[in-house]
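Engineer: All I have is the shape, not the residue letters:
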């Protein structure tokens, strides 16, 4: 440890704790007030992040297959990347709002899969894959990609690739969901 620290700096162990909280900045704010302000800012930031958050990630898609069969609704898969603005837009403005604004009896089954995520999951057959490998199996190379599937993981309608779509994304999503629902019901009815 140096005998003298540059510019009056010294290790925290040399400070008297009571003097740290009584110290004042050049502007008259006590360190305690500054720490409280930082803490409140952090809490607000964490709450905002929790609101925007992410959708549930699948761990075992055989469980989602059971939900599809039980509730007669397709599984909507959002393939995304971290820090992807269009992914956040699709997640927040369209998919999360479906989970909040649709009655429980009609609420869709939605899961989010990271295109580059190395977290493991079990696919519809029970095979263990990373989320990235699972995304690759659906040829999801562009983020966001929304795919709607049946109980065996087969695609029901043409995937929605990319975001924005000149303000028509909601209409495209609604149309795809309606078509996927019809196709799912036809496939379920055809099963013995």
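Structural biologist: Arrived safely. This one's a predicted model, so the numbers in the text were calculated from it and none came from an experiment. Residues are numbered from 1 along each chain as shown.
Engineer: The most centrally placed residue in the chain and residue 61, how far apart?
Structural biologist: The residue lying closest to the centre of the chain (CA atoms, centre = their mean) is residue 54, at 1.9 Å. According to CB to CB, to the nearest Å, residue 54 and residue 61 sit 17 Å apart. C-beta coordinates here come from the backbone N, C-alpha and C atoms, glycine included.
Engineer: Now do the helices in this structure.
Structural biologist: 17-22, 31-52, 61-71, 85-90, 96-101, 131-137, 169-190 (DSSP state H).
Engineer: Where among those helices is average confidence lowest?
Structural biologist: Among the helices of the chain, helix 31-52 has the lowest mean pLDDT, at a mean of 41.
Engineer: Okay, domains of this structure per the record?
Structural biologist: According to automatic domain parsing, the chain comprises the domains 14-52, 61-190.
Engineer: Would you format those as a markdown table with mean neighbour count included?
Structural biologist: Converted to a markdown table, these look like this (neighbours: other CB atoms under 10 Å):
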| stretch | mean neighbour count |
| --- | --- |
| domain 14-52 | 10 |
| domain 61-190 | 16 |
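Engineer: And residue 154, how close does it get to residue 128?
Structural biologist: Residue 154 is 20 Å from residue 128, by CB to CB.
Engineer: Residue 181 too?
Structural biologist: 30 Å.
Engineer: next one: residue 70
Structural biologist: Counting by CB to CB - residue 70 and residue 128 are separated by 24 Å.
Engineer: and if you look at residue 108?
Structural biologist: Remark: distance between residue 108 and residue 128 (CB to CB) = 26 Å.
Engineer: try residue 109
Structural biologist: From residue 109 to residue 128 the distance is 21 Å (CB to CB).
Engineer: cool, and residue 88?
Structural biologist: 29 Å.
Engineer: cool, and residue 94?
Structural biologist: 30 Å.
Engineer: Likewise for residue 153?
Structural biologist: On the measure of CB to CB, residue 153 and residue 128 end up 15 Å apart.
Engineer: do the same with residue 149
Structural biologist: Taken as CB to CB, the span from residue 149 to residue 128 is 19 Å.
Engineer: again with residue 95
Structural biologist: 26 Å.
Engineer: Show the end-to-end separation of stretch 163-173, please.
Structural biologist: 11 Å (CA to CA, to the nearest Å).
Engineer: what does that stretch contact?
Structural biologist: Identification of contacts with stretch 163-173 by CB atoms under 8 Å, 6 or more residues apart in numbering yields 85-87, 89-90, 93-94, 144, 146, 160.
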